[in-house]
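Novice: Quick one, what's the 3D model for this:
(chains A and B)
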Amino acid sequence: RRECRRREGAGVTMASGSIMSYEGLRQDGRRWNELRRMQCDLGVVSGADGSCSFTCGRTKIIASCFVVPLSKQKASAARVPTTATTAAAAASTAPRVELRVSWLPFATQERRERGRTDRQVVDLEGKLKQTACAMLDASSAVFQKQTASGRGSSGAARGNNMEVQIKVAVLQADGGVRSCCVNAVTCAIGMANLVCGCLVVSCGCTAQQLGRTLRETRMLQSRGEEEEGKRLLLDPNGAETTKLGELSLSVTSAADRRQFQDVVSINCEAKLTPEEFEEAVETCAEGCRAVSKFLRRKLLDYMTKVATISSH
Amino acid sequence: TTGRVARFEAGVRESIREDGRENVAYRGIVAQRGTLPNAQGSAQVSLGDTTVLAGVSLEIGEPRKDRPRSGVVNVSVDCTMACSVSGNGWKQYDKRGEELARHLEKLYAPAGGGSKAGGARGGGALDRGNALHLVEGQSVWVFHIDCAVLSDDGNVLDALSIACRTALGDLMLPKFDILEGSEVVIDEDPNAWTRLDVSAVPVYVSVGVVGSRWVFDLSLREEHLCRSKLVFGVGLNGTDGTNESGGGVRGRKTQGAAMAAAIRRVFSAKSASLEYGATMDDVMEAACLAGKRLVAALDAAHQQADDDTRAFHIGI
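Specialist: Sure, this is the predicted structure:
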């Protein structure tokens, strides 16, 4: 019987409902450390300063970003100081961020309307606001280093009289929604030509170890690969998330590779021991590096395209 | 802005608009079916830069009290992505969404009282050509249409109505059997499912009126500059039309068997009602013609496309 299974090796033999096959492939053919196919289209919303449609596997998010001058009431309500030269005042020159997430009813398999008080919507809004603030925060160390080296602002929204309105729509949700949203918002803000200190990228991984059945253990033993295979999966899709939980990590990624990544947020709803937690965070960090490479390339492509058009 | 308004109106008189179109020209329409994997029927429609997504989900539910045989259509519109950034807060988006949803639901609502020729069948637009009831009086198909405005460059209502119609056309109705005791069993075989017949579903045609001329398919900038707009719901076959009077303008059914009856809403009449006068019928006629051609073009393109190519373009 063992030979039969090996001969079937052209296809993947999986017990129905199992997350990973004996050959180490998941239901969609990925290994534990492979990300889903990502696609990032910039400029999908006409009239927006920055917009991005980010697709990761079957999860699709659209984010759009408007830079709007603050209306007078809001400015006076916030009591923003008008002169801003000292470092203390520099903390308040980050533009205000308003964010709204709408999770469309057809995003999940079963149609479900989500209002403003739905737990996931509120949760997403909070986390994305953190992201946006982290990107635009003028008092971050990275940012000051950049301005000190003379790069200066691009003339766009720096200052305390601007407001950034970010709108996010979840069109399809198939696992990794939080990470996708963060990446989409990053792209939208990046495209909007705002002064950012860094990019924030995000990635997720499963939060629980895959259980090994007795049969699996015996299989691996027979092959002599007892210790083989990490048991945390990177970038889980919907089915894997419901079964195993998800830990998603957002980090800032600056252009300078030698800098360490700063963690913006970690979200996890399952219980982990500290060692598992470290392992999960490590896995996610690797995923984030790959995602940030991808995002940077996309933004750079877009910027070069825009620059060449405007220089003619 | 008075300069811009004057420029726009002058252009309309010469039939040249900002982007070079004529008054009666629509932007290129791209309609794709089956874009959402989780919805039973879906469509993404772009009118130029205005992009709209519609997904239809199917449920079995109770019919309305006075219409035991017709299906129920619920529409919800999410226009978070649409443009209006006036800094007043997010409630504005919700209100706009609700308003759009209400207008769209009217397209599918059964004709009210006072309907003329067409019989007193009293079904909605979907009920013609489809039997939407499972057990009469107890269970009917309930359609939940969820729309999202992805990008707003004017004429959102038209795009939404086209998207709803296309999404319904993409929907497959399952075959069902009714056991004794009015229990419904759904046939799981997708090959036995039938497509909805949406030929009777109307579509909105928004017309901007400047002086004695009318302009179709306003872009966002033109919408801000055009002071009075009319919206007509136009179907392919003769449908029962309800005439609503608003703003002091009364309606009349268009003559001719080939013409579709019009459902009229006056959006922002203000002082423009005095200018209309005799040209109201002309506008209605033109809108009906346009709507008919639009609907016919959509149907023709769908039939040609079949299942292979799902995206198609219409230039009207």
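Novice: Would the helix or strand hosting residue B:76 count as contacting chain A?
Specialist: Counting by DSSP states H and E, the element that carries residue B:76 is strand B:72-78. Yes. For strand B:72-78, a contact with chain A is found by CB under 8 Å from any CB of the partner chain, at B:76, B:78. (C-beta placed from N, C-alpha, C; glycine too.)
Novice: Check which helices and strands that strand sits against.
Specialist: helix B:91-108, strand B:139-151 (3 or more CB pairs under 8 Å, 6 or more residues apart in numbering or on different chains; DSSP states H and E).
Novice: ok and the longest one relative to strand B:72-78, angle-wise?
Specialist: Which is helix B:91-108. Put simply, helix B:91-108 runs at 150 degrees to strand B:72-78, going by axes from the mean of the first three to the mean of the last three CA atoms, to 10 degrees.
Novice: For chain A, which residues score under the pLDDT cut-off?
Specialist: For chain A, the stretches with pLDDT under 70 are A:1-23, A:71-94, A:138-160, A:210-230, A:255-261, A:309-312.
Novice: just to revisit the earlier point, most packed of the helices and strands packed on strand B:72-78?
Specialist: Here the criterion is mean neighbour count by mean count of other CB atoms under 10 Å in any protein chain shown, and of the helices and strands packed on strand B:72-78 the winner is strand B:139-151, at a mean of 25.
Novice: quick one on the thing from earlier: which of the helices and strands packed on strand B:72-78 sits closest to chain A?
Specialist: For chain A, the closest of those is strand B:139-151, at 4.5 Å, according to CB to the nearest CB.
Novice: Against which helices or strands is the closest one packed?
Specialist: When contacts are defined as 3+ CB pairs under 8 Å, 6+ apart, strand B:139-151 packs onto strand A:162-172, strand B:50-61, strand B:72-78, helix B:91-108, strand B:133-135, helix B:156-170.
Novice: which parts of the fifth one are buried?
Specialist: Same thing as strand B:133-135. Of all the residues in strand B:133-135, those buried under the rule 16 or more other CB atoms under 10 Å in any protein chain shown are B:133, B:134.
Novice: Give the pairing partners of it; include direction for each.
Specialist: Strand partners for strand B:133-135, identified by DSSP bridges, are recorded as strand B:139-151 (antiparallel).
Novice: quick one: the strand it pairs with to strand B:50-61, angle?
Specialist: Using the same axes, to 10 degrees: strand B:139-151 against strand B:50-61 is 160 degrees.
Novice: got the CA coordinates for strand B:139-151 in CSV?
Specialist: In CSV, the C-alpha atoms belonging to strand B:139-151 read as follows (Å, rounded to 0.1, in the frame of the first residue of the first chain):
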residue,chain,number,x,y,z
SER,B,139,-42.4,30.7,-0.1
VAL,B,140,-41.0,32.6,-2.9
TRP,B,141,-37.5,33.4,-4.2
VAL,B,142,-36.0,36.4,-2.4
PHE,B,143,-33.2,38.2,-4.2
HIS,B,144,-30.7,40.2,-2.3
ILE,B,145,-28.9,42.5,-4.6
ASP,B,146,-25.9,44.1,-3.0
CYS,B,147,-24.2,46.8,-5.0
ALA,B,148,-21.0,48.7,-4.4
VAL,B,149,-19.9,51.8,-6.1
LEU,B,150,-16.2,51.3,-6.7
SER,B,151,-15.5,54.5,-8.6
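Novice: Measure how buried the one residue in the stretch 201-316 of chain B that gets nearest to chain A is and give me the count.
Specialist: Evaluated by CB to the nearest CB, the stretch 201-316 of chain B has residue B:220 as its residue closest to chain A, separated by 6.9 Å. Look at residue B:220: counted by other CB atoms under 10 Å in any protein chain shown, it has 19 neighbours.
Novice: Can you give me the neighbour number for residue 37?
Specialist: As the question left the chain open, I've gone with chain A. 11.
Novice: hmm, I had chain B in mind actually
Specialist: Residue B:37 has 12 nearby residues by other CB under 10 Å.
Novice: Ok, the one 10 residues further on next?
Specialist: Around residue B:47 sit 25 other residues, with neighbours defined as other CB under 10 Å.
Novice: Touching, it and residue B:159? I think so.
Specialist: Yes. Counting by CB atoms under 8 Å, residue B:159 is a contact partner of residue B:47 at 4.6 Å.
Novice: Residue A:51 versus the residue of the stretch 101-250 of chain A found nearest chain B, what's the distance?
Specialist: Residue nearest to chain B within the stretch 101-250 of chain A (CB to the nearest CB): residue A:106, separated by 3.6 Å. Going from residue A:106 to residue A:51 by CB to CB, to the nearest Å gives 21 Å.
Novice: Pull up the pairing partners for the helix or strand containing residue A:251, direction included.
Specialist: Taking DSSP H and E as the criterion, residue A:251 maps to strand A:246-253. Paired with strand A:246-253 in the same sheet, following DSSP bridges, are strand A:199-206 (antiparallel), strand A:262-268 (antiparallel).
Novice: Please identify the deepest-packed of these.
Specialist: For these, where neighbours mean mean count of other CB under 10 Å, the stretch averaging the most is strand A:199-206, with a mean of 28.
Novice: quick one: the strand holding residue B:76 to chain centroid distance?
Specialist: Here strand B:72-78 is found 12 Å from its chain centre; the criterion is CA atoms, centre = their mean, to the nearest Å.
Novice: Run me through the strand neighbours of that strand, direction for each.
Specialist: Using DSSP bridges, strand B:72-78 pairs in its sheet with strand B:139-151 (parallel).
Novice: Next, the angle from the strand it pairs with to helix B:156-170.
Specialist: Using the same axes, to 10 degrees: strand B:139-151 against helix B:156-170 is 130 degrees.
Novice: circling back: kindly present the strands paired with strand A:246-253 as CSV, with separate columns for distance to residue A:287.
Specialist: Below are the strands paired with strand A:246-253 laid out as CSV (distance: least, CB to CB, whole Å):
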stretch, distance to residue A:287
strand A:199-206, 3
strand A:262-268, 13
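Novice: Mind checking the ones you listed for the one nearest to residue B:58?
Specialist: Nearest to residue B:58 among the strands paired with strand A:246-253 is strand A:199-206 (31.9 Å), distances taken as CB to CB.
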